[in-house]
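>>> quick one, structure for this:
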Amino acid sequence: MISDFEIREDDRKQFAEEFLVRLPARIIDSHVHVWTHACVAIPKEEYGKYKQYKPWTDFDYMKEFTIEDYLFCAKSAFPPKTVIPIVFGSPFPQIDRTMVNEYVMEHAQKYGLGFYYIPGQYEDMEETEKKYNLLGRKGFLGLKPYPDIPVVQGRECGIYDMLNQSALEYAQQNKLFILLHIPRKGRLHDADNRRELDECTRTYPDAKFILAHVGRAFCYKDIDGLIDFLVGRENVWFDTALINSGPVLEYLLHRVDSTRILFGSDAPLAFCRGKDIEINNKHYYVSEHPVPWGLGPMGGSIQEFTFYIYEEIRELLRASKAVYGQNETSHLENIFYKNAGKMLKITN
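The predicted structure follows:
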């Protein structure tokens, strides 16, 4: 669980005043990381060096984040809404990939949730299918590759390192979703990323590619003119996980039909207190408490902060009002529930 998670009176007030009426009664959160502490593959004495650069490997702050932890946080933060997660493991080398995949498979079925499988760099998905019968498991949606997993020498990891031919053909043949975290530091500015995305989405038209974090566009510069070559493709979707930028979200809503946009939180970070901010075309985590991976107060805390997930939704609702105006209700239903509901074959 997140070590300092709590609900405050200000949180309840914000939710009631800003979100209660405009959000649909049911919400599907399409981007949720879960793991147990048993999946952590490094000794405690090594925690310090891994938490310096990103919150996901700060195992002092977030020792584990189970499905039960998510359900508790969501129920606490979204009364009286029903919030349903789509889950996958924490995709970092510091987490045992086999163990976390097996945890997700078992517990997603236990709770009746949608889930993704994290593939390995050289994994034969036919053999994986024989071993786990993924296609026979209710809620299985597809693959969640991640650029921190492949090992490459002398260059940055690319999409084909994350998704080998076996994985791509498996997704194509079975019409699966691929929740894709764009690799390389340049993100969509990188010509190789754009070329590989163009190739993949054309070569495997029956696989649906969901670009996580709007293609990792945490800043306006990272989306301006860069997603336009993909917006007409029916097999390319976008999720909004951890996007706190109003301009990014407005750009997305203007250009992509709301039937291909998914709300995602990027939990557990979503239930921490803080906000992503943009400075000089780069994004930074700002946190309520001092943390090694973000900006924050030198001492003590800033009690006025609320959850990342509230900041995400606040900006998404502002963008919705700017783009859709008085006709926003059906679009918000699509983004927050209906699109993911169709993925999960929920009919009502």
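>>> would you map the strands across the stretch 51-200 of the chain?
Ranges of strands in the stretch 51-200 of the chain, per DSSP state E, counting those that start in this stretch, are 82-88, 114-117, 140-143, 177-180.
>>> tabulate the ones you listed in TSV, adding columns for mean pLDDT.
Conversion of those to TSV gives the following (pLDDT from 0 to 100):
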stretch	mean pLDDT
strand 82-88	98
strand 114-117	98
strand 140-143	98
strand 177-180	98
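>>> tell me which of those strands sits nearest to Pro268.
With C-beta to C-beta as the criterion, Pro268 lies closest to strand 82-88 of the strands of the stretch 51-200 of the chain, at 10.9 Å. Backbone N, C-alpha and C define where each C-beta goes, glycine included.
>>> nearest to Gly341, of the strands of the stretch 51-200 of the chain?
Set against Gly341 and scored by C-beta to C-beta, those come closest in strand 82-88, at 8.9 Å.
>>> ok, and what's touching the closest one?
When contacts are defined by C-beta atoms under 8 Å, 6 or more residues apart in numbering, strand 82-88 is touched by residues 25-34, 67, 70-71, 74-75, 104, 107-108, 113-118, 141, 144, 179, 267, 340, 343-344.
>>> sec struct for the spatially closest residue to Leu249 that is not a sequence neighbour, please.
Leaving aside its sequence neighbours, Leu249 sits nearest to Ala319 (C-beta to C-beta, 6 or more residues apart in numbering; 3.7 Å). Put simply, Ala319 is helix when judged by DSSP: H, G, I helix; E, B strand; the rest coil.
>>> show the contacting residues for Ala319.
Counted by C-beta under 8 Å, 6+ apart, Ala319 has contacts Gly246, Leu249, Glu250, Leu252, Leu253.
>>> go on, His254?
Val323.
>>> in three-state terms, how would it be classified?
Assignment for His254 (three-state DSSP): helix.
>>> how close does it sit to Val323?
6 Å (C-beta to C-beta, to the nearest Å).
>>> who touches both of these two?
Shared contacts of His254 and Val323, defined by C-beta under 8 Å, 6+ apart, are absent.
>>> on that earlier part again, dump the strands of the stretch 51-200 of the chain into CSV; add mean neighbour count and distance to Asn334 as well.
Output for the strands of the stretch 51-200 of the chain, formatted as CSV (neighbours: other C-beta atoms under 10 Å; distance: least, C-beta to C-beta, whole Å):
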stretch, mean neighbour count, distance to Asn334
strand 82-88, 23, 16
strand 114-117, 27, 17
strand 140-143, 24, 18
strand 177-180, 26, 16
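>>> would JSON lines of those with distance to Cys157 be doable?
JSON lines is the format used below for the strands of the stretch 51-200 of the chain (distance: least, C-beta to C-beta, whole Å):
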{"stretch": "strand 82-88", "distance to Cys157": "18"}
{"stretch": "strand 114-117", "distance to Cys157": "19"}
{"stretch": "strand 140-143", "distance to Cys157": "16"}
{"stretch": "strand 177-180", "distance to Cys157": "12"}
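>>> ok, which of the ones you listed comes nearest Gly215?
Across the strands of the stretch 51-200 of the chain, closest to Gly215 is strand 177-180 (C-beta to C-beta), at 8.7 Å.
>>> using PDB, write out every CA atom in that closest one.
Taking Å, rounded to 0.1, in the frame of the first residue of the first chain, the C-alpha atoms of strand 177-180 are listed here in PDB:
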ATOM      1  CA  PHE A 177      -5.000  -5.100 -27.300                       C
ATOM      2  CA  ILE A 178      -1.500  -4.000 -26.900                       C
ATOM      3  CA  LEU A 179      -1.000  -1.300 -24.200                       C
ATOM      4  CA  LEU A 180       2.100   0.300 -25.500                       C
END
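>>> each with direction, which strands does that strand pair with?
Sheet pairing of strand 177-180 (DSSP bridges) gives strand 140-143 (parallel), strand 208-211 (parallel).
>>> any chance of these in CSV, plus distance to Arg155?
Below are these laid out as CSV (distance: least, C-beta to C-beta, whole Å):
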stretch, distance to Arg155
strand 140-143, 23
strand 208-211, 22
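>>> unless I'm mixing things up, Met34 is touching Tyr70, no?
Careful, residue 34 is Val and not Met. Yes: using C-beta atoms under 8 Å, Val34 is in contact with Tyr70, at 6.4 Å.
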